[in-house]
Structures are given as structure tokens and as C-alpha cells.
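Engineer: build me a structure from this.
(2 chains)
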Amino acid sequence: MRRPAVLVMVLLICLTVPSGAPAAAGEPVAWRAVWSVALDAAAFGATGPITDYSYIVEPSARALAVTAGTGGIVVLDPPTGRLLSTIPPEPGLAEVTRMRFAGGVLVALRWSPDGRYSWGRLTAYDPATGRRLWGGRAAEEAAVSREAVAALTPSSVELLDAGTGETTATMPLQRGCTGKLAAVADVVAVLEICGTQRVRLTTADPTTGRPRWTRDLAYRAPRQWPPPAEPDTTVKAEVAVAADGSVLVDLADDHPRLYAPDGTRLPMETGARPSWDYTSADTSGRPPIIALGGGPAYTVSSGPSGTERIRALDAGTGLLRWTSPGPRTKPPIATGGMLVTDAGEVYSARALDPWPLVGRLLVTDPATGETSDLALPSAGSAATLVGGAGGLIFTRSPPYDESGGLKGAVRLTAYRLVRASLARAPLPAWPDACGVLTDRDLRLLAPGYLADPHARTLAGVRLTKPVGCVWIPPADEGDVVSVSVQWVAPSVPEARRLVEEEVRYGIGQARTGSVQAPDGSRIVYYEIGDPAGTFHAALISTGPVIVKMTALTPESLRHLAPRALANLQGA
Amino acid sequence: MPRARRAKRNRRGPAGPPPGTEAPEEGRRSGRALLTWVAGILSAVIAAVVGVVFTGWFGSLGPGAFDELSGVAAPFTVAYVSIRDDPDLALREPVATARDRAILLGIPEEGERAEFMERHHAAPVGNVTAIAVLNGNRSSLRIADLRPRILSRGPVSAGALLRPAGAGEAGTIEIRADLDRKAPRFMPVEGNDKDTPYFESQQIDLARDERATLIMTFTARKAYYEFDIVATVVTGDGTEEVVIRGPGDRPFRVTGPAPDYRAEYSESPQGGWAIPTPGPPLPDTKER
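Structural biologist: Prediction:
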């Protein structure tokens, strides 16, 4: 096996907050980077580049497993980012599609490259050493409990001993029916789906397979006029279990079902859509239900606008305890006494977005639902939230080919929440976006441009000056120019680091040119593709200020971006 | 009367299934569990009353959202209504003021854009497809008929044409109502029943808390129309009419195509609308 090139790049002490702030008391005020590690394609035993979507990160308190493309796995120590072990690809099997920790055992599901889609093999490892414990068990999906692995096959759910891989019990599926499964420490939940005729939910002991309770679910197919040309032949069912044994079942029929650990049905609103995470391999499908201290919390979107919310219930009474702004992309992560989710993009217009430059994470207090919106000390393009464990939050960058030969390097960073009894530091002064270009500058294109200011809110605070500005041309045929103040960093080196990240991960191959001034100020020109066409942008940075300018034509930008930089330097 | 119905749009019942729903699946419950369960349902009702449950949801409803709880519920409510937004849009008047130009060409906030489209009576050109999700409020009801009701008619819109990127990918249409006809009805587009109004043979039965999705296409060639949809509903108490209005509790709109528009705009990748005429002083010839 090749020695993987694992580069522990930087141990960061981050800059945004005073160090020495109390660790566990007070209000959430900031994210502090704890470690950051780059793993290149070779670390996974890959010979070619790896695509962004093939990375999977599975965290646990004692090990953080990362895989990509080829089936090789790298295991890191969560508190330090130190390499614990590497696991080579499994001969005859393709890439890893799921990783789970069953107690202290890492279980990986890999595709069989025999053309039978959704049919794979399970292999288990000791994450501390990388030693292979067992393998070869067939499964098309897998879920894990404290000591057992539930493997879904076409005819049954096999319950395996996590340490040996031996079958401890079999839960057969009726002929012609398909299964879905989910598991937590001491519950496995199995949905048996028989066409559109019958859906049965069974919760069972994950070692013995002995059922705890079962429910036959009355499925009512969604009704539509005119009826769909090809009616569904099976129920699109999903099941998830929270750590306390609460179960969420969704048959995509406007009546999601929520059960307390003892099988009591809890109320859920008609038409609510649980936020299933279909989007990314990164999270290995974060479930839309989690256990909090006092009961389950689930994430749903409801209403015509699809507003997403986290709703926490009281386990005893089913009463709603709190509801809070929910995930815009994926269900939240529970770790270290907090719920964490991506803030997502708030604005939808394209020239002024995404905004701001830095990534943001929402932190929700599981006791009250109170939510804080906190900036990461990292460009949003460089940080996708991939998990949390032991009070740390992990983000991943897109893969990046460094010119020096590190191919497909992906950067993992761990952050810790900083709490303080002090209020958050006030934002630095942001320049007025409409002051970045003057009437005289715009006259280079045509006389008579009008500025249209855009105000914005950051973490609930309305910024005093407009941070976006759109210049409307005098004639409809003219070029529309926009300026967006993307971020004002607390220091100049911090601003340079953020620009570097954005150029690498956000702009990447779209870069068309750049200019650097002796004082470190920069203009980076690039193109932005959109279904409606391509437009042109420049990232302009000077001192702590980072500005994005856009126009429909590159000529407008080449005229105006140097003017904007000069105006910002003079301000 | 439209106003009376209007308040009932976009409203949903209290959370949770009513007692009895899926009773067979629940099996035998212990007394405590049953109490817990009933308490849960009761709590959801209480929560709905105090308006905590669906803060965001109720926020969009405005006054009248609680009519149902005061006992004046319509036989069904519209849980959701939208229009498919693929076709070209026509505005009735050209865009002239500085503010309107900034909204059209620039990057307005979502609310500003919607208000602009409303003020200019923006109407899809040629056809519009409405999607409505109905929620039954009676133990049983039958929708015996559905038909468009024209509220106003005018010459086709020719003020400005807005062409979204990716327009023209219309899905299959199975039933449609031609608003140019004297008494427009939903008719199958193809098949043996082409001359029989669709909802004469397809009746929609809804139980309490049951939902149904209607996909309705309206076409226009000769004029500009504002309209709503009238449902004839049969319940144990007799026959009632319920009006389905468009998003934002406004009429649906559609216009026939104009031979000529005062101006034509394409969707700009930057976010607004632009006249796609490359040339001096903007010599960009990049294909868009």
C-alpha cells in the first residue's frame, strides 16, 4: 500500500475572538479553528483526480473517517486531526457509499462493480489501527447500533455482530416487498414496503431482532387531477430514528408520522415535509429527527414557501417546546450541547450573491431553540459543513489541484464554538457600496447611470450603509453594473487569507486575470456561469475590505474595477 | 362572494391527525399513552390557536386566518396555490419610471419584484398552469364541478415582453380551459371525451384532512384575462361554491400573444432583465 501523503498544514489559533474566553458558559460568539488538515488524492489510494461529490466524512467521538472515490479510507483523531490509520481499497469492490461507526468499529459499504446497482458489500475495520475485522457481507443499505450492524438485503434485514460480522438474527421481508432501515444505539427500525398496498413499521432490538412494537401504516396515495400518466407502483418511504428511539416515517403522502420511543403517535401537521438529506454523500444522509434532552426534534418544511424549521417536542406530552429557523440545506448536527446547521444563502439575486464572503453556521440551543448566526473564519466556498462530534464541528473544502503537485487536495477543518459573557465584538465599519464608484467613473460607460442601493442584514443586525449597489444604465441596452461589499475582515492578513481561499475554492478555474498592487491590493477577474448566460466579475480587495463587482461585459469591468480599487484605497 | 372566501385561502387545520385517523394501526394503547396522545393532539390545537406553531406560515396569511376556528370553515381550503412560471410574461404598459427601470433591469428584493409584476399586471403569454392543493374540511365532500370565472377582459398586453431563460419547455397538458370561449370549461386535450367537460365525468371526493392536487391549464389567444376558479361543492349540508384565487390572493392572469411589443427583454444572468443587443458601446459578442 502506498504511503499516503497526509499533510497536516496548519494548527490555527483563530483571530476573531480574544483567546481565553470561557469555554462552556455564556453566549455563542464565534467559531475558532482547532486544526486543519489537507488530504490529497493519494491519501485515498487514488491515482487520478477525485470529484467533489465523492467525498464522505463520517465523524464520531473517537475517530473521523474520510473517504473519496476509490474506496480507500483515512481515519483521523477528531480532537487533533492527527492521522490514526489508513485503510486501503477493498479488492474487487468499488467506492465507499456509506460509513458508520458501530461502537468502536468502522463499517464501510462499498458498491460491487458488477453492474447491479444498489448492491454492495460490507467491510469492518478497527479505526485505531486500520485492521480489517471482517468483510464480504452483502448489503444494499446498512445502519448501525451500539454493537450491531443491520444489513438490508432483498429478502431480509440481517443483524450482524459488529465485531465479527456474524449473523445474530434475521428479520425476513415478505416476498415482493422492499425494506428501508434506520438504527441508533439500541433500536433498529425497519419499514417493509409492499407496493402501494401495505407499509409496516417494526422497531426491534438490534441484536436479537425481537420486535418492540409494530404499526401497519395506512398509506393514501397522493391524489391528483388529472391523474399522473404513470401512477406510482410503490410508496416512496423513508424512516429515521433518533437516539432516544423516537421514529419518523414519511410516505410522501402529506401525513408524516412521528412516534415516541414507546410507539405512541405524536402529532405532526398535515402537509409538513420532513427535510430528508438526499443531496450529498458528505453527511451520509443526516436524519431529520434527533433526540434532545427532553424529547425529539424534527426538521420539516411547511407552507407554500417551504419555510424550514426545527421543531422540538416534549417527550412526555407531545407538546411543542420550541420551534426555530431550520436548515436551509440539511438537517442539523447535534454535538457538544448544541445544534448546528448551515445558514445557507439568504438572498437569491445573482450579481449580489452569494453574500457574505464568509461561511456562516446557525447554532441552536437545544433547551430553548434560541439561535445564533455566527460567521466562520473561512470563505463560504471553502467550507461545507460535514459533521460534528465531541463538541467539534467539521468542514470540508472542495478538492483543489495545487500547482506544486498536490492533486485533488481536500482540506478538513475542525472548529470549536467560543462562548463569552460579553456581547459579540461590533462589526468593523463597512463602506457604502454606492460610494465604491462615482458618477464620473460610470461616465466611462455612459452618462446618466443611476445608483440603486441595497441594504442587508447580517446575523440579525441591519448594516447601516448599503452593502450592495446596482447601477442602472440610462438606456435599456446599456450594461448593468453591481458592487457588493462581501466582507470587512478584522485585520488585513485575515482579509488576504479569505481572498486567497475565495480565489482558490470559489473562483477556481473561472479566473480570467488578476492584478496585484505593491501594497497587496488585488483585483481578480473571473466569469460567472448561469442558466441565463455568462456574466463577468472582479474580486477587489484592499486593506481589510473585500468587494465584488459584476457587469454583463468584461470591458465594463476592466474600465471600472481599477477605479473602484482606487476609490477604496483613497477612502 | 370572493372576499369572504379569500380569507380562507392558504389555511390549514390544526396540527396532527384528528382522533380516529389511522386508528387501526395504533393497536392497543395503554391508558397513559392514550392520555399522552390525546394531550399531544390537544396541545397542537392550543398551539395553533395561540399562533406559535406556524409563525412563519401564519405570518403570510393576514387577517382572517382563524375563521375556521370560529366555525365558518369552507368545505375545503386551498393549502397551496402556485402558477408554473416557465412561459414568457407580458406587461400591460412599458416600463418608464426610474424606480421601475431599476426594478426591471436591476436586482430588486423579492417583494419589490412581486409588487412590480403586480402593478404591471404581468401575465403569462398564451397559457398559464395553476397548481392548487385542496384540503378537505368535512367528513366527506364532493367537488362536482370546477370552472374558470372571468373577472375582467381586455386587449392583449403589449407593453413589454419578458423572456425567462429556459422558457418554452412546457409539460404535457391533459386538460385545459380556453378562455377565449364564451363559457370556458376544462376539456380533455385528447381522447374520446374531447367534447365533454372534464369535471363532469371526473369528480373529486375529499375526506376530512385529505388532500388533492389540481393541475389546471388555461389558454388565451384573443385577449388579456383576469380570472379565478369556482368549485361547486356538495356536502351533507347542501351545495356551495368555493372560489380558488391565485397566489397572493390575487386573480390568475393570462394574455394572448401581441403581434408586437414596445420592448422585449431577456433574463439577465446577473439577476434582472436585459435587452439582448450586443453592440457599441458594449461590444460583447459572447453567446448568452
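Engineer: and the helix or strand harbouring B:S82, what does it pack onto?
Structural biologist: Assigned by DSSP states H and E, B:S82 falls within strand B:76-83. For strand B:76-83, the packing partners by 3 or more Cβ pairs under 8 Å, 6 or more residues apart in numbering or on different chains; DSSP states H and E come out as strand B:127-136, strand B:238-244. Quick note: C-beta positions are derived from backbone N, CA and C, even for glycine.
Engineer: give the pairing partners of that strand; include direction for each.
Structural biologist: strand B:127-136 (antiparallel) (DSSP bridges).
Engineer: CA atoms of the strand it pairs with as PDB?
Structural biologist: Only the C-alpha atoms of strand B:127-136 are listed here, as PDB (Å, rounded to 0.1, in the frame of the first residue of the first chain):
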ATOM      1  CA  ASN B 127     -51.200  29.800 -21.400                       C
ATOM      2  CA  VAL B 128     -50.900  29.500 -17.700                       C
ATOM      3  CA  THR B 129     -50.900  26.400 -15.500                       C
ATOM      4  CA  ALA B 130     -52.200  26.700 -11.900                       C
ATOM      5  CA  ILE B 131     -51.500  24.100  -9.300                       C
ATOM      6  CA  ALA B 132     -53.700  24.100  -6.200                       C
ATOM      7  CA  VAL B 133     -53.600  21.700  -3.300                       C
ATOM      8  CA  LEU B 134     -57.000  21.400  -1.600                       C
ATOM      9  CA  ASN B 135     -57.600  20.200   1.900                       C
ATOM     10  CA  GLY B 136     -60.900  18.700   2.900                       C
END
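Engineer: what pLDDT, on average, does it get?
Structural biologist: Confidence over strand B:127-136 (mean pLDDT, whole number) is 93.
Engineer: report the distance from the helix or strand hosting A:T168 to the chain centre.
Structural biologist: Element membership of A:T168, judged by DSSP H and E, is strand A:167-172. Distance of strand A:167-172 from its chain centroid, counting by Cα atoms, centre = their mean, to the nearest Å, is 34 Å.
Engineer: show me which residues of the stretch 151-300 of chain A sit near chain B.
Structural biologist: Residues of the stretch 151-300 of chain A lying close to chain B (Cβ under 8 Å from any Cβ of the partner chain) are A:213-218, A:220, A:222-226, A:229, A:254-255, A:257, A:260, A:262-271.
Engineer: from those residues, which would you call buried?
Structural biologist: A:213, A:215, A:217-218, A:223, A:225-226, A:254-255, A:257, A:260, A:262-271 (16 or more other Cβ atoms under 10 Å in any protein chain shown).
Engineer: among these, name the ones in strands.
Structural biologist: A:W213, A:R215, A:L217, A:R223, A:W225, A:R257, A:R265, A:L266 (DSSP state E).
Engineer: which neighbouring elements make contact with the strand ranked longest in chain A?
Structural biologist: When chain A is parsed with DSSP E, its longest strand is strand A:27-39. When contacts are defined as 3+ Cβ pairs under 8 Å, 6+ apart, strand A:27-39 sits against strand A:6-10, strand A:371-379, strand A:410-420.
Engineer: to B:V254, which of those lies closest?
Structural biologist: strand A:371-379 (41.3 Å; Cβ to Cβ).
Engineer: what residues of the helix or strand just after the closest one count as buried?
Structural biologist: The element immediately downstream of strand A:371-379 (helix or strand, assigned by DSSP H and E) is strand A:384-389. By 16+ other Cβ under 10 Å, the buried positions in strand A:384-389 come out as A:T384, A:L385, A:V386, A:G387, A:G388, A:A389.
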